[in-house]
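Participant: Could you look at this predicted model? Sequence included:
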Amino acid sequence: MTVKQRDDRGSIASSLVISATMFLFVMGIIQLGIVLHARNVAEAAAQEAMSTAAAYDGTESSGQSSATRAMDTLGPDVLSDRTVEVERTATTVTVRITGTALNFLPGISPKIVETSTGPVERYVPPESDTP
């Protein structure tokens, strides 16, 4: 009776491939989480800036400082190269925040762009029914 021995040649290579694949998969999930967090920070800052600039006595500069404060509070390091653009007309306010999300994977630097638009608070006199 002969006992057949198992051949283990190549098992290290397949284990290495599986480990490397799992490592890259986990790093990809972490990068996705960072990007989603950066988008949430930019969106919240854009909404806060729009709300501040759209107030009855709001200005574009008050909207910009509100957005900067919000980003510094919510995630000071999650967005780099960030810019805040606030445009206030007689009826609407538009805030656009752009930046680059923190990169965890080499060679990937996702761009983040969030925009918030809303009406300006203003007094509109009632229309009179008499001519």
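Facilitator: Structure's in. What do you need? Numbering: from 1, shown residues only.
Participant: Pull up the per-residue confidence for the residue nearest the centre of the chain.
Facilitator: Central residue of the chain (C-alpha atoms, centre = their mean): R39, 1.4 Å from the mean position. For R39, the model assigns a pLDDT of 96.
Participant: now swap in the one 3 residues further on and tell me
Facilitator: We note a pLDDT of 96 for A42 in this prediction.
Participant: what bits of this protein have low per-residue confidence?
Facilitator: 1-10, 129-131 (pLDDT under 70).
Participant: Helices of that one, residue ranges please.
Facilitator: Listed in chain order, the helices of the chain (DSSP state H) span 11-54, 60-74.
Participant: So which of those is nearest V120?
Facilitator: Closest to V120 of those, according to C-beta to C-beta: helix 11-54, at 5.1 Å. All C-beta atoms are positioned from the backbone trio N, CA, C, and that covers glycine.
Participant: if we can go back for a sec, return the most buried member of the helices of the chain.
Facilitator: Among these, judged by mean count of other C-beta atoms under 10 Å, the one packed with the most neighbours on average is helix 60-74 (a mean of 18).
Participant: Could I get the CA-only coordinates of that helix as CSV?
Facilitator: In CSV, the C-alpha atoms belonging to helix 60-74 read as follows (Å, rounded to 0.1, in the frame of the first residue of the first chain):
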residue,chain,number,x,y,z
GLU,A,60,-21.3,86.9,-0.1
SER,A,61,-18.4,87.4,2.4
SER,A,62,-20.6,86.2,5.3
GLY,A,63,-21.4,83.1,3.3
GLN,A,64,-17.7,82.4,2.5
SER,A,65,-16.7,82.8,6.1
SER,A,66,-19.6,80.5,7.2
ALA,A,67,-18.5,77.8,4.7
THR,A,68,-14.8,78.0,5.9
ARG,A,69,-15.9,77.7,9.5
ALA,A,70,-18.1,74.7,8.8
MET,A,71,-15.3,72.9,6.9
ASP,A,72,-12.8,73.7,9.7
THR,A,73,-15.3,72.3,12.2
LEU,A,74,-16.5,69.2,10.4
